[in-house]
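Asks: Predicted model and sequence follow; I will ask about them next.
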Amino acid sequence: MKQQSGFTLIELISVIVILGILAATAAPRFSDLVSEARVGKLSAMRASMQSAAIMAHGLQLARGAASNVTVSVSGGTTIAMRNGYPDDTSTGIIAAVDITDYVDNFTSSSGVSADAAHPLCNVSYVNANPPVYTMNSSPANCD
């Protein structure tokens with residue numbers, strides 16, 4: 001007589017139950033990754049804004065230009081300046097950074113959002129000397 005090998009039905013069911021319990025306990029840890037990704041995206045935009053503002057300020061100083069004139073950069077882009085830094089408008093800081101993966105909310109909140117579904121999850125730029133950057137990335141705004 002030939003002996004059969006394999007798993008019994010009870011063994012298979014118990015493995016499925018154990019995997020289900022593990023999946024149920026691990027799922028909440030991964031559900032928060034989307035909001036963390038939005039916050040990371042905003043941190044990158046804040047760093048981009050800081051770098052662009054510092055470079056535009058340095059370019060203006062190197063050229064000896066007045067603090068409220070536009071600065072032309074390579075590629076024909078002009079950046080509106082005020083107080084020696086890019087203005088807090090679409091022709092200022094937004095012209096200095098690449099926002100193709102973001103939403104421009106400068107008309108309503110002086111900022112850039114991570115996506116259209118979360119306009120309050122944003123980073124804002126206020127022209128001052130030096131500029132002020134504010135991240136609105138609370139869980140209520142970014143979830």
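Replies: Ah, there it is.

Asks: Sketch out the low-pLDDT regions of the chain for me.
Replies: Within the chain, the stretches falling below the threshold (pLDDT under 70) are 1, 31, 106-110.

Asks: same thing but 90
Replies: Under the criterion of pLDDT under 90, the regions of the chain flagged as low confidence span 1-8, 22-39, 63, 65-70, 72-77, 88-122, 124, 126-130, 135-143.

Asks: Name the residues linked to the closest residue to residue 122 other than its chain neighbours by a beta bridge.
Replies: Setting aside the residues directly before and after it, residue 122 is nearest to residue 111 in space (CB to CB, 6 or more residues apart in numbering), at 3.8 Å. Every residue, glycine included, has its C-beta placed from N, CA and C. Each beta-bridge partner of residue 111 is listed here, defined by DSSP bridges: residue 124.

Asks: how close does residue 111 get to residue 123?
Replies: Here the distance between residue 111 and residue 123 works out to 6 Å (CB to CB, to the nearest Å).

Asks: shared neighbours, the two?
Replies: Contact with both residue 111 and residue 123 is made by residues 134, 136, according to CB atoms under 8 Å, 6 or more residues apart in numbering.

Asks: How many neighbouring residues does residue 47 have?
Replies: 13 (other CB atoms under 10 Å).

Asks: Also residue 37?
Replies: 12.

Asks: do the one 5 residues further on as well
Replies: When neighbours are defined as other CB under 10 Å, residue 42 has 24 of them.

Asks: ok, now which ones touch it?
Replies: Residues in contact with residue 42, defined by CB under 8 Å, 6+ apart, are 112, 114, 121-123, 135, 137.

Asks: before we move on, the earlier item: what's the spacing between the residue nearest to residue 122 and residue 130?
Replies: Using CB to CB, one gets 17 Å for the distance from residue 111 to residue 130.

Asks: more crowded one of these two?
Replies: For the pair residue 111 and residue 130, the greater number of neighbours falls to residue 111 (27 against 13), based on other CB under 10 Å.
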